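Asker: using only what follows, build the 3D model:
(4 chains)
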Number of protein chains: 2
Amino acid sequence: MATRREPPLSRDGIVRAAVELLDDSGEAGLTFRALAERLATGPGAIYWHIAGKGELLAAAVESVIADAVFAGPAGATPPEAVRTLALGVFDAIDVHPWLGVQLPLNPLRTPMLRVFESLGRQVRALGVPPAAEFTAASALLNYILGVAGQNAAAPRAIAPGTDRATFLGNAADAWAALNPDEYPFTRAAAGRLRDHDDRAEFLAGLDLVLAGIIARLVPPR
Amino acid sequence: MATRREPPLSRDGIVRAAVELLDDSGEAGLTFRALAERLATGPGAIYWHIAGKGELLAAAVESVIADAVFAGPAGATPPEAVRTLALGVFDAIDVHPWLGVQLPLNPLRTPMLRVFESLGRQVRALGVPPAAEFTAASALLNYILGVAGQNAAAPRAIAPGTDRATFLGNAADAWAALNPDEYPFTRAAAGRLRDHDDRAEFLAGLDLVLAGIIARLVPPR
DNA sequence: ACCTGAACACCGTTCAAGT
DNA sequence: ACCTGAACACCGTTCAAGT
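Answerer: Got it, this is the predicted structure:
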């Protein structure tokens, strides 16, 4: 049960332990005291390696998002590359739900800056003219971050252990019970929510943004 | 200086004081002790009216977002109505920056559910077929929430008082100093970031999502 | 240079006691 | 029914003291 401790104590070791703690017990579980216990030391020791909780969280985000962001397959078309990139972020949040809250909060610090850069390159490859490339890349990033926050918030609201399917079921029930005069649309969408494939829905939305970029910003050739 | 206290103590009064506290001193400023002081009572008194901090925050969000969400001008076209709705959320965040963090976290609780419902109606009015209307409304909401988080995170990272223009200037400087081999796109976008009109940029991105919805989901007529 | 752990100044929340 | 405020069980962070 006791987590053995690597050599002395290192920034990387601390960040790794922080990620484990976040994965195991959520944001509320990441505490300097809990972290110190896991590292078999006192809370003060951590401060020699890391400035504070903000930096710790940022480092945890970075360590986890870095894996998700790589160029993507070389032969891919720009839309394919954008999908790969976005799915990398989406799947990382699936594995580390705390990311969904943390990503939008640590906006263009290093980890997300890399995602933005990659999106921007694909936007260029798509043929968007320079004057519009910032808008296009931002729209893609904002959509991705919006889904991130949304997907993280949902299960967090209920008990941390609740699985996604029963959560969606409950939400769908709640929607179905809404007053049809006040909420006709949401009520009708309840069914759609129930047998919802998050990943597919995420991609479908992403494709809408891509389609908008192509329709409005890419000159015909 | 002493804030006079209305009749005895009411849920509405508490929520109003919480919003003031959030506006004045940010998320960190909202404390049961500070709130109690402002209301000239003890911290325990608040608990008789409100379950806890989560409910307090949710109530603050709701009270502030409710004003921003109304049907919009009756004669508006669906895209105009979507823009009005989205701008309502955007401007509310401008006035109450803490909303940007809180909105994505309180996802489809009552306040945002109303936004979702309104977006959905406009999506229908646009002519999106039922099978796709959930996807379209979600894409719009996710984009809006993404921008919300992004806009809130930025100034929060720096000192709470930093004004937007100098913040953008600093960010643009940092981007301009990036390694051009690693970050060619972001570096080139630095200029664009500097003289950035948030509101216009927000609308431009929203129009991309709308254009995608129309291009991909609305059958020609 | 790096670690220890007590101590400080806070939190949210509870609850006996008051009115 | 509603309010009071001390008390509880926590936080993040600091810092003298150790090695």
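Asker: residues from chain A in reach of DNA strand C?
Answerer: With C-beta under 7 Å from any atom of the strand as the criterion, chain A comes near DNA strand C at residues A:8, A:9, A:40, A:41, A:42, A:43, A:44, A:45, A:47, A:48, A:49. Backbone N, C-alpha and C define where each C-beta goes, glycine included.
Asker: go again using 6 Å as the cut-off
Answerer: For chain A, the residues in contact with DNA strand C (C-beta under 6 Å from any atom of the strand) are A:8, A:9, A:41, A:42, A:43, A:44, A:45, A:48.
Asker: can I get those in JSON lines including pLDDT, neighbour count and distance to DNA strand D?
Answerer: Shown next, in JSON lines, are the residues of chain A next to DNA strand C (pLDDT from 0 to 100; neighbours: other C-beta atoms under 10 Å in any protein chain shown; distance: C-beta to the nearest atom of the strand, whole Å):
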{"residue": "A:8", "pLDDT": "76", "neighbour count": "8", "distance to DNA strand D": "11"}
{"residue": "A:9", "pLDDT": "92", "neighbour count": "17", "distance to DNA strand D": "12"}
{"residue": "A:41", "pLDDT": "96", "neighbour count": "15", "distance to DNA strand D": "11"}
{"residue": "A:42", "pLDDT": "95", "neighbour count": "12", "distance to DNA strand D": "7"}
{"residue": "A:43", "pLDDT": "96", "neighbour count": "14", "distance to DNA strand D": "4"}
{"residue": "A:44", "pLDDT": "96", "neighbour count": "9", "distance to DNA strand D": "3"}
{"residue": "A:45", "pLDDT": "97", "neighbour count": "16", "distance to DNA strand D": "8"}
{"residue": "A:48", "pLDDT": "97", "neighbour count": "9", "distance to DNA strand D": "8"}
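Asker: quick one, what contacts the nearest residue to residue A:149 once chain neighbours are set aside?
Answerer: Nearest residue to residue A:149 in three dimensions, chain neighbours excluded: residue B:104, at 3.3 Å (C-beta to C-beta, 6 or more residues apart in numbering or on different chains). By C-beta atoms under 8 Å, 6 or more residues apart in numbering or on different chains, the contact list for residue B:104 reads A:104, A:146, A:149, A:150, A:153, B:145, B:148, B:149.
Asker: for the residues you listed, point out the one with the lowest pLDDT.
Answerer: Ranked by pLDDT, these bottom out at residue A:153 (64).
Asker: beyond the least confident helix or strand in chain A by mean pLDDT, next helix or strand please.
Answerer: Least confident helix or strand, chain A: helix A:164-176 with a mean of 84, by mean pLDDT, DSSP states H and E. Per DSSP states H and E, the first helix or strand lying C-terminal to helix A:164-176 is helix A:184-194.
Asker: show me what the stretch of helix or strand residue A:48 belongs to is packed against.
Answerer: In the assignment (DSSP H and E), residue A:48 maps to helix A:43-49. Helices and strands touching helix A:43-49, by 3 or more C-beta pairs under 8 Å, 6 or more residues apart in numbering or on different chains; DSSP states H and E, are helix A:11-29, helix A:32-38.
Asker: in whichever helix or strand comes after that helix, what counts as buried?
Answerer: Past helix A:43-49, further along toward the C-terminus, the next helix or strand under DSSP H and E is helix A:53-68. For helix A:53-68, the neighbour count (16 or more other C-beta atoms under 10 Å in any protein chain shown) marks A:56, A:57, A:58, A:59, A:60, A:61, A:62, A:64, A:65, A:68 as buried.
Asker: what is the nearest of these to DNA strand C?
Answerer: residue A:56 (14.6 Å; C-beta to the nearest atom of the strand).
Asker: what's around the nearest residue to residue A:175 once chain neighbours are set aside, how many residues?
Answerer: Excluding its sequence neighbours, the residue lying closest to residue A:175 (C-beta to C-beta, 6+ apart) is residue A:190, at 3.7 Å. The tally of other residues near residue A:190 (other C-beta atoms under 10 Å in any protein chain shown) stands at 18.
Asker: then the one 4 residues further on?
Answerer: Applying the criterion other C-beta under 10 Å, we find 16 residues in the vicinity of residue A:194.
Asker: cool, and residue A:37?
Answerer: 16.
Asker: would you quantify the distance from it to residue A:116?
Answerer: In this structure, residue A:37 and residue A:116 are 37 Å apart, going by C-beta to C-beta, to the nearest Å.
Asker: then residue A:195?
Answerer: Distance from residue A:195 to residue A:116, by C-beta to C-beta: 33 Å.
Asker: one more: residue A:218?
Answerer: From residue A:218 across to residue A:116, the span is 20 Å (C-beta to C-beta).
Asker: for those two, indicate the residue with more neighbours.
Answerer: Neighbour count, other C-beta under 10 Å: between residue A:218 and residue A:116, residue A:116 has more, with 23 against 16.
Asker: follow-up on the earlier one: looking at the buried residues of helix A:53-68, which is nearest residue A:141?
Answerer: For the buried residues of helix A:53-68, the minimum distance to residue A:141 (C-beta to C-beta) is 13.0 Å, reached by residue A:65.
Asker: can you pull the contacts of the closest residue to the closest one other than its chain neighbours?
Answerer: Take residue A:65 and drop its neighbours on the chain: the residue closest to it by C-beta to C-beta, 6+ apart is residue A:111, 4.1 Å away. Neighbouring residues of residue A:111 by C-beta under 8 Å, 6+ apart: A:61, A:62, A:65, A:66, A:69, A:103.
Asker: among the residues you listed, find the lowest-pLDDT one for me.
Answerer: Among these, residue A:69 has the lowest pLDDT, at 73.
Asker: quick check: it vs residue A:88, distance?
Answerer: Relative to residue A:88, residue A:69 is positioned 6 Å away (C-beta to C-beta).
Asker: swap in residue A:74?
Answerer: Taking C-beta to C-beta, one finds residue A:74 at 16 Å from residue A:88.
Asker: neighbour count for these two, which is higher?
Answerer: residue A:88 (18 against 6).
Asker: for residue A:40, the count of nearby residues, please.
Answerer: 12.
Asker: ok, the closest residue to DNA strand C within chain A - contacts?
Answerer: At 1.3 Å from DNA strand C, residue A:44 is the closest residue in chain A, using C-beta to the nearest atom of the strand. If a contact means C-beta under 8 Å, 6+ apart, then residue A:44 has no contacts.
Asker: right, and residue A:199 touches residue A:89 too?
Answerer: No - applying C-beta atoms under 8 Å, one finds residue A:199 not in contact with residue A:89, separated by 11.9 Å.
Asker: quick one, which of those two is more surrounded?
Answerer: In terms of neighbours (other C-beta under 10 Å), residue A:89 is the more surrounded of residue A:199 and residue A:89; the figures are 24 against 12.
Asker: among the helices and strands packed on helix A:43-49, which is nearest residue A:209?
Answerer: Nearest of the helices and strands packed on helix A:43-49 (C-beta to C-beta): helix A:11-29, 28.8 Å.
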